[in-house]
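Colleague: please find the sequence and the predicted model below.
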Amino acid sequence: MRAFFLLLTVAVTGCAGMEAAECRGANWYDLGFRDAIFGIQPQHDLYEPQCARHGVALDRARYVEGWLDGDFEFHHRKNESVD
């Protein structure tokens, strides 16, 4: 079981990389929401330098707004499944 979670963590972390086209076309709100809805901690500190290398500025406010909304939804769904 531990091996599964370790593998899952490595796989999720590996997905955090962003290429130039992804940075230029990013919807920061949706990206933040997606990260949170899957239970991933905020990744803006990873995305920011990756996109900066491609000359793209991360809209941190929109990312965080999306992440907060997604985190709320994640916990809401999680609590519904327990009831």
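Modeller: Everything's here; your move.
Colleague: which strands and helices sit next to whichever strand or helix holds Arg77?
Modeller: Element membership for Arg77, per DSSP states H and E: helix 60-82. Applying 3 or more Cβ pairs under 8 Å, 6 or more residues apart in numbering; DSSP states H and E, we find helix 60-82 packed against helix 28-37, helix 44-52. Any C-beta I mention is one placed from the backbone N, CA and C, and that applies to glycine too.
Colleague: for the first one, give the mean pLDDT please.
Modeller: This means helix 28-37. Averaged across helix 28-37, pLDDT comes to 96.
Colleague: tell me the buried residues in that helix?
Modeller: Trp28, Tyr29, Leu31, Gly32, Phe33, Asp35, Ala36, Ile37 (16 or more other Cβ atoms under 10 Å).
Colleague: now the last one
Modeller: Of the residues in helix 44-52, those buried by neighbour count under the rule 16+ other Cβ under 10 Å are His44, Tyr47, Glu48, Gln50, Cys51.
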